[in-house]
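Undergrad: Compute the structure for the input listed below.
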Amino acid sequence: MKQIPQPTKVRYDALLAQHHIPEKLHPYYLKWLRYYLDFCRTYDFREADKKSLQHFIEKLKAKNQTDQQQNQAFDAISIFHDLVPAHKDKTAPFKIHQDSKPYHKEKRLITNASWVSAYNDLKAEINIRHYSPSTLKTYTGWARQFQNFTRSKDPQLLVVSDVKDFLTYLAVDRKVAASTQNQAFNALLFYFRHVLKKEFGELTDIPRAKRKPYIPVVLSREEIDAIIARLKYPYDLIVKLLYGCGLRLFECMHLRVNDLNFDTGILTVHDGKGKKDRTVPLPEKIIPELKDQLESVIDLHQEDLKAGYAGAFLPNRIEKKYKNAARELVWQWFFPAKTLTFVADKNEYRRSFLHKTHVQKAIKRAVNSANIPKRASAHTFRHSFASHLLQANYDIRTIQELLGHSDVRTTMIYTHTIKSKTIKEAKSPLDF
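TA: Reported below is the predicted structural model:
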């Protein structure tokens, strides 16, 4: 395999840092670069040509590399292209030299600009709107891919045509799913509006990835009971809440003690998707189990206080307003993590909530153990909640409110998951 010259490796490492690539990922990026250089040598492609990258990604697809691996490889080679100018003679092979001629000074200002302030502004705009950390990670990822695609063009010189070219590339060359292209569109729209303070205008003549009709996977009540029977504490109770209240997984993990009102039989979901609050009825069948869980939380909280721990993690706005809230029972997580987290800058230990990956793995094991021939996940219980209510002739608007959907059209997808029992059921005229 072709090795990377040491001077180029040093420059590439520096550029990875400039692009905010975590240091622990640098070996993977170097690995993709070695693969790419070997690919170009084997198939006689020019290393500095962007089209060679497209062929390289196609080769990875043919080798059944995952989308995550393809995206990482794309990032790695795009960053490498920032180091090398396009050769005028397209027929001549490109070679890496330590003394490669740099870009013209004027062009460097356009295509090799720093995006550090742009990423800082993007993080600030997302934090101002209290968007989730996952949204920050996703939007930053798309901004980085867009930066690589434009060869680090000066952010202030970006225009709508750059976005059109990027979205076209995603749809035509990388053949991404419609949801992926739409996610990229939303991320860049946010970036242009709130960071660059520019408007998109109308994006016409862009090939759009075709969106396939999606019908959610729904489990029968027997299948749900079989899964719960194979789950251990506390995962069985978590699944009962996911199905019994129609919760998203992160909503269930973020529940605090004060979110459950046993007197009224109401569970309040705070800061759900879109930062919206809603209430749902508590399943009467599991109230004894929920009360037992509350007792466990109380006991653990008392132990934490005796040990001098700083309490639960809180949102910054609550932390600043109520100094002692982290140690109060009402703010403790209903499903606390088993281990404490050390906060280095404050030199204290705090308790977080149970991580979602533990729940996901437990559900996957239970589904496999029950031999259920469906692609079931934690979110499948929310789909089943809505479908079973609809099957029981609950009003679609009521289901919409329980799920927290802004638009009833989102809820209408569940009409495709059940068999209609009304007089409007599709029927052949021969059967009239």
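
Undergrad: tally of neighbours for residue 199?
TA: Residue 199 has 9 neighbouring residues, counting by other C-beta atoms under 10 Å. The C-beta positions use only the backbone N, C-alpha and C, and glycine is treated the same way.

Undergrad: Please apply the same query to residue 267.
TA: Neighbourhood size, residue 267 [other C-beta under 10 Å]: 24.

Undergrad: Please apply the same query to residue 58.
TA: Around residue 58 there are 14 residues (other C-beta under 10 Å).

Undergrad: Tell me which residues of stretch 7-15 come out buried.
TA: Using 16 or more other C-beta atoms under 10 Å as the test for burial, stretch 7-15 gives 8, 11-12, 15.

Undergrad: ok, and what's touching that stretch?
TA: Outside stretch 7-15, the residues that touch it by C-beta atoms under 8 Å, 6 or more residues apart in numbering are 4, 26, 29-30, 33, 79-80, 82-83, 96, 98.

Undergrad: ok, so of these, who is nearest residue 119?
TA: residue 79 (14.4 Å; C-beta to C-beta).

Undergrad: In a strand, the closest one, correct?
TA: No. Residue 79 is assigned helix when assessed by DSSP: H, G, I helix; E, B strand; the rest coil, not a strand.

Undergrad: Return the residues in contact with it.
TA: 12, 15-16, 19, 21, 29, 148.

Undergrad: Please convert those residues to TSV, extending it with secondary structure, pLDDT and distance to residue 377.
TA: Converted to TSV, those look like this (DSSP: H, G, I helix; E, B strand; the rest coil; pLDDT from 0 to 100; distance: C-beta to C-beta, whole Å):
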residue	secondary structure	pLDDT	distance to residue 377
12	helix	85	38
15	helix	83	38
16	helix	84	34
19	coil	76	33
21	coil	82	30
29	helix	90	30
148	helix	87	31
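
Undergrad: of all the residues you listed, which two lie farthest apart?
TA: Spatial extent of the contacts of residue 79 (C-beta to C-beta) is set by the pair 12 and 148 at 13.3 Å.

Undergrad: ok so, going back, columns secondary structure and distance to residue 343 on top of the contacts of stretch 7-15, output as CSV?
TA: Formatted as CSV, these follow (DSSP: H, G, I helix; E, B strand; the rest coil; distance: C-beta to C-beta, whole Å):
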residue, secondary structure, distance to residue 343
4, coil, 39
26, helix, 27
29, helix, 30
30, helix, 33
33, helix, 37
79, helix, 33
80, helix, 37
82, coil, 37
83, coil, 39
96, coil, 44
98, coil, 44
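
Undergrad: Buried only: go through these for me.
TA: Buried, going by 16+ other C-beta under 10 Å: 26, 29-30, 33, 79-80, 82, 96, out of the contacts of stretch 7-15.

Undergrad: could you check the distance from the spatially most central residue of the chain over to residue 355?
TA: Residue closest to the mean C-alpha point of the chain, counted by C-alpha atoms, centre = their mean, is residue 134 at 5.3 Å. Distance, residue 134 to residue 355, by C-beta to C-beta, to the nearest Å: 14 Å.

Undergrad: Same check on residue 374?
TA: When residue 374 is compared with residue 355 (using C-beta to C-beta), they lie 25 Å apart.

Undergrad: do the same with residue 324
TA: Residue 324 is 26 Å from residue 355, where distance means C-beta to C-beta.

Undergrad: Who has more neighbours out of the two?
TA: residue 355 (12 against 8).

Undergrad: got a list of what the more buried one touches?
TA: Contacts of residue 355 by C-beta under 8 Å, 6+ apart are 253, 337.

Undergrad: What is the neighbour count of residue 181?
TA: Other residues close to residue 181 by other C-beta under 10 Å number 23.

Undergrad: from memory it sits against residue 167, does it?
TA: Yes. Using C-beta atoms under 8 Å, residue 181 is in contact with residue 167, at 6.2 Å.

Undergrad: I'd like the mean pLDDT over stretch 254-264, please.
TA: Averaging pLDDT along stretch 254-264 gives 95.

Undergrad: ends of it, how far apart?
TA: For stretch 254-264, the separation between the terminal residues is 21 Å (C-alpha to C-alpha, to the nearest Å).

Undergrad: Show residues contacting that stretch.
TA: For stretch 254-264, the external contacting residues (C-beta under 8 Å, 6+ apart) are 241, 267-271, 282, 287, 290-291, 294, 297, 312, 329-335, 353.

Undergrad: Okay, now the unreliable bits of the chain?
TA: Applying pLDDT under 70 to the chain flags residues 1-2, 84-112, 201-213, 420-432.

Undergrad: what about stretch 39-56, how long is it end to end?
TA: One end of stretch 39-56 to the other measures 7 Å (C-alpha to C-alpha).
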